[in-house]
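Colleague: When you get a sec, could you give me coordinates for this:
(2 chains)
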Amino acid sequence: ETGVTQSPTHLIKTRGQQVTLRCSSQSGHNTVSWYQQALGQGPQFIFQYYREEENGRGNFPPRFSGLQFPNYSSELNVNALELDDSALYLCASSLVPGGVETQYFGPGTRLLVL
Amino acid sequence: AQSVTQPDIHITVSEGASLELRCNYSYGATPYLFWYVQSPGQGLQLLLKYFSGDTLVQGIKGFEAEFKRSQSSFNLRKPSVHWSDAAEYFCAVAPRGSQGNLIFGKGTKLSVKP
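Modeller: Numbering: from 1, shown residues only, chains lettered A, B, ... in the order given. As a prediction, this is how the structure comes out:
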């Protein structure tokens, strides 16, 4: 069974640029959630994708967008990068949506915005 | 407002000593409750979870947690800490009926003295 994988592991961008982060869900999981973890903070929910549709969103602006593909892998796109976007971005997959479902996390992508 | 509080930012214990990490939540109804561990450079690993029933929950790596409704708490315990337990620990909740967006506390960093 393959776990959740994310790419790239590290990324450096400059303010105003755009970035795309990728996530492959665990085998058999059709739900992917994205979280942002700023330094010294707990992860914050960005949004969730289920069957290629956005299925819930946290308190993040529209410049944070995503996609889910037919194989359930997912992308997180961030436009017009700001310094405060520097963080560890975590992807988690689960069998289906729902609070009762266990979410399995990937190792994350560390983004630095200069 | 819904919130998760981990009052201890950093705890240091001696190897072999017992451990208790505190977590309090503020919600209208009892949410689903989780403890995750994050080692440096790693994603989040689920230690244990509480949905209903027995208020003492057993998890992996010898950890357990006790749900106390009257105190809105879900404290994590381990009777004898090993050096490999040094990591950051996050308490999280998922509101019942939600799509599974986890709400995390700010974390407690555990250091283990030899």
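Colleague: which residues touch the residue positioned nearest the centre of chain A?
Modeller: By CA atoms, centre = their mean, chain A has its centre lying nearest to A:W34, at 3.1 Å. Neighbour list for A:W34: A:23, A:45-48, A:66, A:74, A:76, A:89-92 [criterion: CB atoms under 8 Å, 6 or more residues apart in numbering or on different chains]. Glycine gets a C-beta too; all of them are placed from N, C-alpha and C.
Colleague: Out of these, the closest to chain B would be?
Modeller: Proximity to chain B was ranked across the contacts of A:W34 by CB to the nearest CB; first place goes to A:F45, at 4.2 Å.
Colleague: Which one (most neighbours) among the contacts of A:W34?
Modeller: A:C91 (29 neighbours; other CB atoms under 10 Å in any protein chain shown).
Colleague: Okay, and the beta partners of it?
Modeller: Counting by DSSP bridges, A:C91 forms beta bridges with A:W34.
Colleague: neighbours of the residue nearest to A:L111 when sequence neighbours are not counted, just the number please.
Modeller: Nearest residue to A:L111 in three dimensions, chain neighbours excluded: A:L11, at 5.0 Å (CB to CB, 6 or more residues apart in numbering or on different chains). By other CB under 10 Å, 15 other residues sit near A:L11.
Colleague: now the one 4 residues further on
Modeller: In terms of burial, A:R15 registers 11 neighbours under the definition other CB under 10 Å.
Colleague: How about B:Y32?
Modeller: B:Y32 has 21 nearby residues by other CB under 10 Å.
Colleague: tell me the strands in chain A, going along the chain?
Modeller: A:5-7, A:10-13, A:19-24, A:31-37, A:44-50, A:53-57, A:64-68, A:74-78, A:87-94, A:104-105, A:109-113 (DSSP state E).
Colleague: Which residues are in contact with residue 33?
Modeller: No chain specified, so I'll use chain A. Applying CB under 8 Å, 6+ apart, the residues near A:S33 are A:45-49, A:91-94, A:103, B:100-102.
Colleague: you looked at the wrong chain, it should be chain B
Modeller: Contacts of B:L33 by CB under 8 Å, 6+ apart are B:23, B:25, B:49-50, B:65, B:67, B:74, B:91-93.
Colleague: Can you add pLDDT and give the residues you listed back as TSV?
Modeller: As requested, the contacts of B:L33 are exported to TSV (pLDDT from 0 to 100):
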residue	pLDDT
B:C23	98
B:Y25	94
B:K49	94
B:Y50	94
B:A65	98
B:F67	95
B:F74	97
B:C91	97
B:A92	95
B:V93	93
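Colleague: So which of the residues you listed are in strands?
Modeller: Per DSSP E, the subset of the contacts of B:L33 in strands is B:25, B:49-50, B:65, B:67, B:74, B:91-93.
Colleague: how close does the residue nearest to the centre of chain A get to chain B?
Modeller: Per CB to the nearest CB, to the nearest Å, A:W34 is found 10 Å from chain B.
Colleague: Sketch out the low-pLDDT regions of chain B for me.
Modeller: B:1 (pLDDT under 70).
Colleague: what does it put close to chain A?
Modeller: B:4, B:31-32, B:36, B:41-46, B:49, B:51, B:90, B:92, B:94-107 (CB under 8 Å from any CB of the partner chain).
Colleague: ChimeraX command for the buried members of these?
Modeller: Here is the ChimeraX selection string for the buried members of the residues of chain B next to chain A, based on 16 or more other CB atoms under 10 Å in any protein chain shown:
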select /B:4,31,32,36,43,44,46,49,90,92,94,95,96,98,99,100,101,102,103,104,105,107
